[in-house]
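Undergrad: Below is the structure, and that's it, no one-letter string:
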């Protein structure tokens, strides 16, 4: 073993299971080598090495929605920070919150929707941000800052947004003479009779109840139990006509033509349209915001308190605040983008799509969902169980 190898193994810490650095053990024989005239230099260099960041061994643990960042973006960040990104995925906010409540830990960064951010703040699960590390925070459009779930953005930075809407097989619905801009399509038997077995709705209690509430003329945040029961009855009347509750594979089902109508997210419908075109399908996928109104879901980046690398997580947030990096997500999956610096890099056909970037009139019909208190959550859970079992 040469002098440099001895110094490196003796004095440069290596990765440890705890996520930091640990000093290796050397045999007595190894420790005896490399000493002598070089000892003073070794000590000096060692002190310098110990002050350097140990970033090369760091792993950012990201808990994110399915298909919500490109592989190229991840690869660029890994190259820039000399780190690794490990991802876990969820398809619904309730799924993510339940996993955390069950004891899942170690996530540095999560990308929840506003009402889930509200729940995480309330349960004291988040770290506050150090905004001195977020040089590009000013890129976010003011309309998306200071949201109800985090006034002052103490914990959250907007990432992307989606609208919950209707995606459909253009040719099939035209042939059936059906409208495409109303929640009646998934709730009214007079339409569903023509679509039986070809419709999916989100497997999400909040999202499905929100659609029913808006169709009935109520706010998505209405917690009046009588109105929830009206929504339940509307859903139960329509349920026999649906093919499935589906929050994960409806993109594929639309793309291959198994499903003609889906209740889902705007970015998923964008993906279904692109996949159908890419596969040369003999039909097109369209999508529209129902005229009765819908949910706007603003997803934000937050730091979980159990994460081991909050500084690395904030570096990732600032990386995603760069206009070009942020635009890559929109160009990939058709998500709405709260980053004004991104607009110059977004493909024109996406930037002008009013289901992705709603105009002022449409924005007035959109609502963000709020978190529920414990009592309301119990009532809704009971109603949801009834919906699923009947």
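TA: That came through, no problem. Only a predicted model underlies this, so the values are computations on that prediction, with no experimental measurement involved.

Undergrad: Find the nearest non-adjacent residue to residue 136, please.
TA: residue 321 (3.6 Å; CB to CB, 6 or more residues apart in numbering). Any C-beta I mention is one placed from the backbone N, CA and C, and that applies to glycine too.

Undergrad: Same check on residue 83?
TA: In space, residue 83 is closest to residue 58, 4.4 Å off (CB to CB, 6+ apart).

Undergrad: try residue 160
TA: residue 335 (4.0 Å).

Undergrad: list the contacts for the one you found?
TA: 68, 160, 161, 162, 266, 267, 270, 329, 356 (CB atoms under 8 Å, 6 or more residues apart in numbering).

Undergrad: again, only this time at 6 Å
TA: Residue 335 is in contact with 160, 162, 267, 329, counting by CB atoms under 6 Å, 6 or more residues apart in numbering.

Undergrad: ok, now residue 194?
TA: residue 176.

Undergrad: Give me the three-state assignment for residue 147.
TA: Recorded secondary structure, residue 147: coil (DSSP: H, G, I helix; E, B strand; the rest coil).

Undergrad: what's around it, how many residues?
TA: 17 (other CB atoms under 10 Å).

Undergrad: Ok, residue 354 next?
TA: Residue 354: 12 neighbours (other CB under 10 Å).

Undergrad: pull the longest strand from this protein.
TA: strand 156-169 (DSSP state E).

Undergrad: what's that one packed up against?
TA: Packing partners of strand 156-169 (3 or more CB pairs under 6 Å, 6 or more residues apart in numbering; DSSP states H and E): strand 261-265, helix 266-278, strand 285-288, strand 294-304.

Undergrad: Helices along the stretch 1-150 of the chain, start to end?
TA: 3-11, 28-32, 39-50, 71-81, 93-101, 114-122 (DSSP state H, counting those that start in this stretch).

Undergrad: Which of these comes out lowest on mean pLDDT?
TA: Of all those, the minimum mean pLDDT falls on helix 28-32 (a mean of 37).

Undergrad: Can you tell me how far the residue nearest to residue 160 is from residue 308?
TA: Counting by CB to CB, to the nearest Å, the gap from residue 335 to residue 308 is 28 Å.

Undergrad: And for residue 151?
TA: As for residue 151, its distance to residue 308 is 28 Å (criterion: CB to CB).

Undergrad: out of these two, which sits in the more crowded spot?
TA: residue 308 (17 against 9).

Undergrad: give me phi/psi at residue 365?
TA: phi -100, psi 0 (degrees, to the nearest 10).

Undergrad: burial measure for the closest residue to it other than its chain neighbours, as a count.
TA: Of all residues beyond its chain neighbours, the one nearest residue 365 is residue 293 (4.0 Å), with distances taken as CB to CB, 6+ apart. If you count neighbours by other CB under 10 Å, residue 293 ends up with 22.

Undergrad: now the one 5 residues further on
TA: Counted by other CB under 10 Å, the residues lying close to residue 298 total 21.

Undergrad: Quick check: closest non-adjacent residue to residue 334.
TA: residue 270 (2.6 Å).

Undergrad: Hmm, the one you found is touching residue 331, no?
TA: No. Taking CB atoms under 6 Å as the definition, residue 270 is not a contact partner of residue 331, at 10.2 Å.

Undergrad: among the helices and strands packed on strand 156-169, which is nearest residue 112?
TA: strand 294-304 (6.5 Å; CB to CB).

Undergrad: That closest one vs helix 114-122, what angle?
TA: 30 degrees (axes from the mean of the first three to the mean of the last three CA atoms, to 10 degrees).

Undergrad: Use 848 as the first number from now on
TA: All set: I'll call the first residue 848, so the last point we hit is now strand 1141-1151.

Undergrad: Next, the angle from strand 1141-1151 to strand 1003-1016.
TA: Going by the same axes, to 10 degrees, strand 1141-1151 is angled at 140 degrees with respect to strand 1003-1016.

Undergrad: And for the closest residue to residue 1124 other than its chain neighbours, the neighbour number?
TA: Setting aside the residues directly before and after it, residue 1124 is nearest to residue 1131 in space (CB to CB, 6+ apart), at 7.6 Å. Close neighbours of residue 1131, defined as other CB under 10 Å, add up to 13.

Undergrad: can you check residue 1209 too?
TA: Neighbours of residue 1209 using other CB under 10 Å come to 17.

Undergrad: go on, residue 926?
TA: 9.

Undergrad: between residue 1117 and residue 1178, who's got more neighbours?
TA: Applying other CB under 10 Å to residue 1117 and residue 1178 shows that residue 1117 carries more neighbours, namely 24 against 17.

Undergrad: Now do that one against residue 966, distance only.
TA: 28 Å.

Undergrad: hang on, the earlier thing: ok, and what's touching the next helix-or-strand element following the longest strand of the chain?
TA: Of the helices and strands lying after strand 1003-1016 in sequence (DSSP states H and E), the nearest is helix 1017-1023. Under the contact criterion CB under 6 Å, 6+ apart, helix 1017-1023 has outside partners 1027, 1041, 1107, 1130, 1131, 1133.

Undergrad: Quick one: the residues you listed as CSV, columns for pLDDT too.
TA: What follows is those, written out as CSV (pLDDT from 0 to 100):
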residue, pLDDT
1027, 96
1041, 98
1107, 98
1130, 98
1131, 97
1133, 97
